[in-house]
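J.: Attaching a predicted model along with its sequence, questions to come.
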Amino acid sequence: MAEFSTQGVRGIAPVGPAKSPPQPYAPLAETASALEALIVAPAPPRPVGYFAKRLTDVCVSFVGLAFLAPVILAAWAAVKLTSRGPGIFWSDRVGFAGRIFRIPKLRSMTIEAPHQPREAFDGAGAHITAVGAFLRRTSIDELPQLWSVLIGDMSLIGPRPLIPSDPATRVRAQRFPCVFHVRPGITGLSQVNGRNHVRAHRKARYDVHYAMRCSPALDAYILRRTVRVVLLAEGIL
């Protein structure tokens, strides 16, 4: 299979006509229904290979949950025994067609940590627990998301699922609605091309690139890269 290149990501043009200077963002307490109202496009079209991709998601997530359940349970117990708060942290994310869903992760930060993108606040490292640092380094904290893949909220591979209050979510809805035409993924282009070291605007370009060009070949490339990133713990903050 030919190697996929991401060199063209930088040159991706915005979807639709250029917008006038953006208006100030709404308060972070903006309701999910208000956010969903921004997405006025008709039902997203099914990309080529959609059903094969969904079948793969279901099979891999089911088998993964069955085999990795002891690992998830052990990690959950370690989180519960070493810090206050729940072992599984659930947060609202924006998914396919702009719908809000809840994503599970093994909690890696203290319960006092603000609920916003990690790169959006200073001193984030101080909130990461000792167990959480290990879970992040090994990507074990992401394993509960296999449940989200199994029930259809997510895919194994896709754009990043953003928090509704993240300003980048509004930008997606207004300028790049194509990102909502595919399910968000556990891994994707930004995760295999720098992960936490990638700036927000470049992550957005990777997400748009994937949404516009998703294909079995691109998924195979991302999957190969994901194995390397996880094994070498690349891009972890």
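T.: Yep, that arrived.
J.: All the helices of this protein, in order from the start?
T.: Here the chain has its helices, by DSSP state H, at 32-37, 50-82, 130-138, 145-150, 167-175, 200-213, 216-232.
J.: is it possible to export these to TSV including distance to Ile100, mean neighbour count and mean pLDDT?
T.: C-beta: built from backbone N, CA, C; applies to glycine. Putting the helices of the chain into TSV (distance: least, C-beta to C-beta, whole Å; neighbours: other C-beta atoms under 10 Å; pLDDT from 0 to 100) gives the following:
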stretch	distance to Ile100	mean neighbour count	mean pLDDT
helix 32-37	4	14	50
helix 50-82	20	14	94
helix 130-138	25	17	90
helix 145-150	13	21	96
helix 167-175	10	19	79
helix 200-213	18	20	85
helix 216-232	25	16	89
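J.: how about the ones you listed, which one is nearest Thr110?
T.: Thr110 lies closest to helix 130-138 among those, at 8.4 Å (C-beta to C-beta).
J.: what's the angle between that closest one and helix 216-232?
T.: 140 degrees (axes from the mean of the first three to the mean of the last three C-alpha atoms, to 10 degrees).
J.: So which residues make contact with helix 130-138?
T.: With contacts defined as C-beta atoms under 8 Å, 6 or more residues apart in numbering, helix 130-138 is touched by 75, 78-79, 82-83, 106-109, 128, 140-141, 230, 233, 236.
J.: Need the max-distance pair from the residues you listed.
T.: Farthest pair in the contacts of helix 130-138 (C-beta to C-beta) is Ser83 and Val230. Separation: 23.9 Å.
J.: follow-up on the earlier one: let me have the helices of the chain in a markdown table, adding distance to Thr187 as columns.
T.: Output for the helices of the chain, formatted as a markdown table (distance: least, C-beta to C-beta, whole Å):
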| stretch | distance to Thr187 |
| --- | --- |
| helix 32-37 | 24 |
| helix 50-82 | 12 |
| helix 130-138 | 14 |
| helix 145-150 | 10 |
| helix 167-175 | 18 |
| helix 200-213 | 11 |
| helix 216-232 | 5 |
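J.: Of these, which is nearest Asp92?
T.: helix 32-37 (6.8 Å).
J.: OK, contacts around the spatially most central residue of the chain?
T.: Residue closest to the average C-alpha location in the chain (C-alpha atoms, centre = their mean): Arg160, at 2.8 Å. With contact set as C-beta under 8 Å, 6+ apart, Arg160 has these partners: Pro184, Gly185, Gly188, Ser190, Gln191, Lys203, Asp207.
J.: In space, what's closest to Ala204 - neighbours in sequence excluded?
T.: Ala168 (6.1 Å; C-beta to C-beta, 6 or more residues apart in numbering).
J.: what sits against that neighbour?
T.: Contacts of Ala168 (C-beta under 8 Å, 6+ apart): Leu162, Ala200, Ala204.
J.: confidence score at the nearest residue to Ser148 once chain neighbours are set aside?
T.: Leaving aside its chain neighbours, Ser148 sits nearest to Met154 (4.2 Å; criterion: C-beta to C-beta, 6+ apart). Predicted confidence (pLDDT) for Met154: 96.
J.: Any idea how many residues pack against Met154?
T.: Met154: 25 surrounding residues under other C-beta atoms under 10 Å.
J.: And Gly194, by the same measure?
T.: With other C-beta under 10 Å as criterion, Gly194 counts 16.
J.: swap in Gln191?
T.: 25.
J.: Relative to Ile103, how far out is it?
T.: For Gln191, the distance to Ile103 (C-beta to C-beta, to the nearest Å) stands at 15 Å.
J.: and what of Pro164?
T.: Counting by C-beta to C-beta, the gap from Pro164 to Ile103 is 12 Å.
J.: what do these two both touch?
T.: Common contact partners of Pro164 and Ile103 (C-beta under 8 Å, 6+ apart): Asp92, Arg93.
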